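In: Sequence and predicted structure are below.
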Amino acid sequence: MSYVEISKDAFEAVLKEFDAKDFTPPYGTTEYVYRIEAKPKVVVMVYSSVSTVSGYSRNSGEDAIRLALLYEPEKGEHEAITSQFPIGKAKRINRVPDWGLRLKERIIELIVQGKAVETCPRDSGVLKIRESKYGKFLGCVNYPDCRYTKNIVEAKPIEHKS
Ligand SMILES: [Zn+2]
């Protein structure tokens, strides 16, 4: 399969309608990475595949565009959100001719999922599913510093009145 070449400008043009920030990870990377906030402390990370050296998509190594929805406890720190949904896994977009459209669709999808992630109203910590002798509940990731909990509301079938 042949891949289209993507320049940094073309990539950033697709990101223009989102509030994407250039994010330079603390670890050594050779590609541009962008960060879009879905809600406080929940971010969509976009790994562009565009080389920070040449300004064009790389031809070696991980050459697809990847996206991940991550919890950001502190600036520059990221963790997968697997406690509520299996959404920490990166999604790939191959550099096919309509990559820009696919990228936009994926970003929107992840922002919607990110907004739905349950976070703590006190400190925006992500809520994790925990278990007690009374059953499952959501508890703040910052326990024991934060003791916020929330009941898990089970979806009930709609009752029809006759
Ligand atoms: Zn909390």
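Out: It's in. Residues are numbered from 1 along each chain as shown.

In: next SSE after the helix or strand encompassing residue 34?
Out: Using DSSP states H and E, residue 34 maps to strand 31-39. For strand 31-39, the following helix or strand on the C-terminal side (DSSP H and E) is strand 42-51.

In: What angle do strand 31-39 and that following strand make with each other?
Out: Computed by axes from the mean of the first three to the mean of the last three Cα atoms, to 10 degrees, the angle separating strand 42-51 from strand 31-39 equals 160 degrees.

In: Can you list the helices and strands that strand 42-51 packs against?
Out: helix 8-15, strand 31-39, strand 65-71, helix 99-116 (3 or more Cβ pairs under 8 Å, 6 or more residues apart in numbering; DSSP states H and E). For the C-beta atoms, the positions are set from N, CA and C on the backbone; glycine is no exception.

In: Can I get the second one in PDB, CA atoms only?
Out: To tie it back to what came earlier, the one meant is strand 31-39. Extracted C-alpha coordinates of strand 31-39, given in PDB (Å, rounded to 0.1, in the frame of the first residue of the first chain):
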ATOM      1  CA  GLU A  31       7.100  13.200  15.800                       C
ATOM      2  CA  TYR A  32       4.800  16.100  16.500                       C
ATOM      3  CA  VAL A  33       2.200  15.400  19.200                       C
ATOM      4  CA  TYR A  34      -0.900  17.500  19.800                       C
ATOM      5  CA  ARG A  35      -3.200  17.700  22.800                       C
ATOM      6  CA  ILE A  36      -6.900  18.500  22.700                       C
ATOM      7  CA  GLU A  37      -8.800  18.900  26.000                       C
ATOM      8  CA  ALA A  38     -12.200  17.100  26.100                       C
ATOM      9  CA  LYS A  39     -12.900  18.300  29.600                       C
END
